[in-house]
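Trainee: all I have is the shape, not the residue letters:
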């Protein structure tokens, strides 16, 4: 008996929603309940129907992955990562490589799946590449659930994005290598050229699509400002444009794969959509608005995705893959923790980050599941399909079950839980801090800080206007407050928020302080007319905080913007940099 496609989709979403609801009631991740619902569904007659209807679900599966991919790329906002690039890149690269090699060597040495000699190398390389992936959806959900904010959270979200980008590149290269090895029975190096071409084409498709979407959205948002257009209509048009762009990326990648010689060049739609998200994050100010348009669809799409993934898991293999899944989980976790610690030490980050970042990356979800499902379309992997899928999906479930309590405990331990609230001096984030500014005079210091302010913030006033306002305030009354501190500030016209930057001067410069001491630490603040009242509160709080000898001495001893931000955001400074209630 065949089940119509729409009825099957409704059944999957219903069953998955019930499974997720039961899991949440049992204080388990919803993903666990959805995958288990799929596993149970896979033991019924529906498994036969699902197998025969796999083509029906392919667009939905790829759409779910595309949303994950766009979100991953959307977290790589280069301006926000300005002072954190070294830390994020070193941690991402190190823990990815360490995880890949320790998983590969462990699986290859023990061969827990009992694979034939021919299948060992290709299968273990694929398992190692999948092991490097992390779970952006569940990890970000946990961070939001814990209302967490801080250096560890910021680093984790950026490392998640870079790591999954590296995972996809690594997987594409290994997949091409394995297909060549198993079909041609040789190690032709040209396969790496084909893989590189596929990666390059995918990135190009995503970039071009992203720039096109940004231009289109700017045009429509401009129309909204020029004429009175129903905001709901504008949102509908943007939603449609975003939807078309995602399906265009997916479709074009698939079309190129189908028409390339022997399908040797296969651009990854997931990689294309990561690039799409990256362009949105760095070339537009409405990335969050676009992504929020999919919030109403997100639950249904991901529920169906995880139920489908669970239906691929055959219970008959669980007895034989238990050891393999356990080994995969343990060795992968070791790779993440050891690699994260090593990357943190190499980058010179704080112990809080280096000791904990690997544990924050222990979750596995949509990316790992999607790569397993992707391999099922290749007949060459048929001899290992059941064992491979069961082992990896079991390890994914183990990772998801253990990551929630571990991440919750870590966020509480490092003091970042319940910190996602606005603080008085919220504007002094890591990316707005210069740990060393080479200056010749007060004028030079102000010019460099104003330029930095205008470069890092979307200012409505021009650089010259801000500079003029700052100099006018300095002429009326010098802003040196003593103890080597100066707080030049001014009201700069239109805007919504107070913005500012901090710099440590080398050498200190005279800002006319009452005690005659030249300023070593300078905080420059620009306040819009609408925030005049808050402006005085901020100046007073900064003055009190920096007159605290303990905080001041720590700031002077700091070598990086990361350390400076940690001091300003510390519990010690909460008396001055307090949380706002309104």
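Mentor: Structure received. Since we're looking at a predicted model, the values are computed, not measured.

Trainee: pLDDT on stretch 67-85, on average?
Mentor: If you average the pLDDT over stretch 67-85, you get 78.

Trainee: let me fix that, I meant to ask about stretch 268-281.
Mentor: Averaging pLDDT along stretch 268-281 gives 88.

Trainee: can you show me the helices along the stretch 201-350 of the chain?
Mentor: Remark: helices assigned in the stretch 201-350 of the chain by DSSP state H, counting those that start in this stretch are 231-259, 269-283, 287-292, 295-311, 318-347.

Trainee: which one of these lies closest to residue 107?
Mentor: Set against residue 107 and scored by CB to CB, those come closest in helix 318-347, at 7.0 Å. C-beta coordinates here come from the backbone N, C-alpha and C atoms, glycine included.

Trainee: in that closest one, which residues are buried?
Mentor: By 16 or more other CB atoms under 10 Å, the buried positions in helix 318-347 come out as 321, 324-325, 327-329, 331-344, 347.

Trainee: before we move on, what about stretch 454-463?
Mentor: 454, 456, 457, 459, 461.

Trainee: using TSV, lay out those residues together with distance to residue 290, secondary structure and pLDDT.
Mentor: Below are these laid out as TSV (distance: CB to CB, whole Å; DSSP: H, G, I helix; E, B strand; the rest coil; pLDDT from 0 to 100):
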residue	distance to residue 290	secondary structure	pLDDT
454	26	helix	85
456	23	helix	80
457	22	coil	79
459	23	coil	76
461	27	coil	78
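
Trainee: farthest-separated two in these?
Mentor: Greatest spatial distance among these (CB to CB): 456 and 461, at 14.3 Å.

Trainee: contacts for stretch 238-247?
Mentor: The contact list for stretch 238-247 (CB atoms under 8 Å, 6 or more residues apart in numbering) reads 59, 63, 66-67, 70, 209-210, 212-213, 216-217, 220, 273, 276, 289-290, 293-294.

Trainee: can you flag the buried ones in those?
Mentor: For the contacts of stretch 238-247, buried by 16+ other CB under 10 Å: 63, 66-67, 70, 209-210, 212-213, 216-217, 273, 276, 290, 293-294.

Trainee: of these, closest to residue 283?
Mentor: Of all the buried ones among the contacts of stretch 238-247, residue 210 has the smallest distance to residue 283: 7.1 Å, by CB to CB.

Trainee: mind listing what that closest one touches?
Mentor: When the contact criterion is CB under 8 Å, 6+ apart, the partners of residue 210 are 245, 275, 276, 277, 278, 279, 280, 283.

Trainee: which residue ranges form the strands in the chain?
Mentor: Using DSSP state E, the strands of the chain run over residues 433-438, 480-482, 485-486, 489-491, 499-509, 519-527.

Trainee: and residue 268, what does it touch?
Mentor: Contacts for residue 268 (CB under 8 Å, 6+ apart) come out as 168, 172, 198, 199, 202, 253.

Trainee: name the nearest residue to it, ignoring sequence neighbours.
Mentor: Nearest residue to residue 268 in three dimensions, chain neighbours excluded: residue 202, at 4.8 Å (CB to CB, 6 or more residues apart in numbering).

Trainee: so residue 390 makes contact with residue 321?
Mentor: Yes. Here residue 390 reaches residue 321: they are 4.6 Å apart, a contact under CB atoms under 8 Å.

Trainee: okay, domains of the protein per the record?
Mentor: For the chain, automatic domain parsing gives the domain ranges 5-413, 430-573.

Trainee: which one of those is the most hemmed in?
Mentor: Of all those, domain 5-413 has the most neighbours on average by mean count of other CB atoms under 10 Å, namely a mean of 20.

Trainee: the helices in the stretch 351-500 of the chain, which residues?
Mentor: With helices called from DSSP H, counting those that start in this stretch, the stretch 351-500 of the chain shows them at 351-360, 366-375, 385-413, 442-456, 463-476.

Trainee: with residue 129 as the reference, name the closest of the ones you listed.
Mentor: Comparing those by CB to CB, helix 366-375 comes nearest, at 7.8 Å.

Trainee: do you know how far residue 369 is from residue 109?
Mentor: Residue 369 is 26 Å from residue 109, where distance means CB to CB, to the nearest Å.

Trainee: so what pLDDT did residue 151 get?
Mentor: pLDDT at residue 151 comes out at 84.

Trainee: show me the contacts for it.
Mentor: 350, 352, 353, 416, 430, 562, 565, 566, 569.

Trainee: pipe those residues into JSON lines and attach pLDDT per row.
Mentor: Shown next, in JSON lines, are those (pLDDT from 0 to 100):
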{"residue": "350", "pLDDT": "84"}
{"residue": "352", "pLDDT": "87"}
{"residue": "353", "pLDDT": "89"}
{"residue": "416", "pLDDT": "79"}
{"residue": "430", "pLDDT": "82"}
{"residue": "562", "pLDDT": "82"}
{"residue": "565", "pLDDT": "81"}
{"residue": "566", "pLDDT": "81"}
{"residue": "569", "pLDDT": "75"}
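
Trainee: between these, which sits nearest residue 511?
Mentor: Nearest to residue 511 among the contacts of residue 151 is residue 565, at 22.6 Å by CB to CB.
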